[in-house]
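Asks: one predicted model, sequence on top.
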Amino acid sequence: MVSDRLGQYLDKKGISYYAFENSLNAGRGSISKAVKEGKSIGSNMLENILTIYNDLNPTWLLTGEGEMFKSNEAVLLNKSIEAFRLKTDSNLESQQIPLYDIEAVAGLVPLFKDSKSQEPLDHISIPHLPKCDGAVYITGDSMYPLLKSGDIVLYKQVNDVKNEIFWGEMYLLSIDMAEEEYVTVKYIQKSEHEGYVRLVSQNKHHQDKDVEMSKIRALALVKASIRINSMN
């Protein structure tokens, strides 16, 4: 059955049911129950699964014929990976990068403060990338078309905000806005005002904004982005 083969795929990938259901915006326990009880999975959900988990061979999932995974070439056609390297970066042959849910950990500040205690949704493995501390999904269109809502950004945490900013580079940052945490991705440039930085969007419909450096509560340099393409 399809549900049984889906369970085999999750076991093979080491993906928890919680992480899988969360990535699909599916109800808690909906997939795990279908797999464990051998129930059918709706066509819309199957389409969603095959769109997001594009290394999964649809023929194998639906019929049991062929191999569980697509070829590497086919997978790469459905996934766009872009790296944003500094000249000083050295690439790692391999690394397991934890993918976090910002909402589940209540923002970047608690995530950066104690990431080891946070449970990641999953892990991402991409060869030949600079060292990354983690990855998160982003929302909003301020960096469109370079980034769009739903893309994943891989980041390297910055510990010294005042002295470790590379001007003009792209950052994932948390800003204190009226005692609320505002998480965004922006280019950071020098401001004409002392003690401020300028946040610049890729999308020209969003105006540049100067913010006090002291308002930055958490900061990370964006090292790469991943976009899952819906077209096969």
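Replies: Looks like it came in fine. The structure displayed is predicted, hence computed values, not measured ones. Residues are numbered from 1 along each chain as shown.
Asks: for the rest of this, base every contact and every neighbour count on C-alpha atoms.
Replies: OK.
Asks: can you show me the strands along the protein?
Replies: 79-83, 91-92, 97-100, 122-124, 129-130, 134-137, 152-158, 170-177, 180-190, 196-200, 209-212, 216-228 (DSSP state E).
Asks: what about the longest helix in the chain?
Replies: Ranked by residue count, the top helix of the chain under DSSP state H comes out as helix 2-13.
Asks: that one packs against which elements?
Replies: helix 30-37, helix 58-63 (3 or more CA pairs under 8 Å, 6 or more residues apart in numbering; DSSP states H and E).
Asks: now it, how far from the centre of its chain.
Replies: Put simply, helix 2-13 sits 23 Å off its chain's centre (CA atoms, centre = their mean, to the nearest Å).
Asks: give me the buried positions along that helix.
Replies: If you call a residue buried by 16 or more other CA atoms under 10 Å, then helix 2-13 has these buried ones: V2, S3, D4, R5, L6, G7, Y9.
Asks: give the burial count for E37, as a bare number.
Replies: E37 has 11 neighbours, counted by other CA atoms under 10 Å.
Asks: now do the one 4 residues further on
Replies: Residues contacting I41 under the criterion other CA under 10 Å number 16.
Asks: what's the answer for L86, then?
Replies: 11.
Asks: and it, how far from I97?
Replies: 19 Å (CA to CA, to the nearest Å).
Asks: which stretches of this protein have low pLDDT?
Replies: Across the chain, the ranges flagged by pLDDT under 70 are 71-79, 229-232.
Asks: touching, E212 and L199? I think so.
Replies: No. Using CA atoms under 8 Å, E212 makes no contact with L199, being 10.5 Å away.
Asks: returning to what we had before: and the strands of the chain: which comes nearest Y53?
Replies: strand 216-228 (8.7 Å; CA to CA).
Asks: quick one: buried residues of the closest one?
Replies: 216-228.
Asks: in CSV: these, plus distance to H123.
Replies: As requested, the buried residues of strand 216-228 are exported to CSV (distance: CA to CA, whole Å):
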residue, distance to H123
I216, 27
R217, 25
A218, 22
L219, 21
A220, 18
L221, 19
V222, 17
K223, 16
A224, 15
S225, 14
I226, 13
R227, 16
I228, 16
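Asks: what is the nearest of these to L173?
Replies: Nearest to L173 among the buried residues of strand 216-228: L219, at 4.4 Å, using CA to CA.
Asks: OK, contacts around the closest one?
Replies: Applying CA atoms under 8 Å, 6 or more residues apart in numbering, we find L219 in contact with Q157, V158, N159, V161, Y171, L172, L173, S174.
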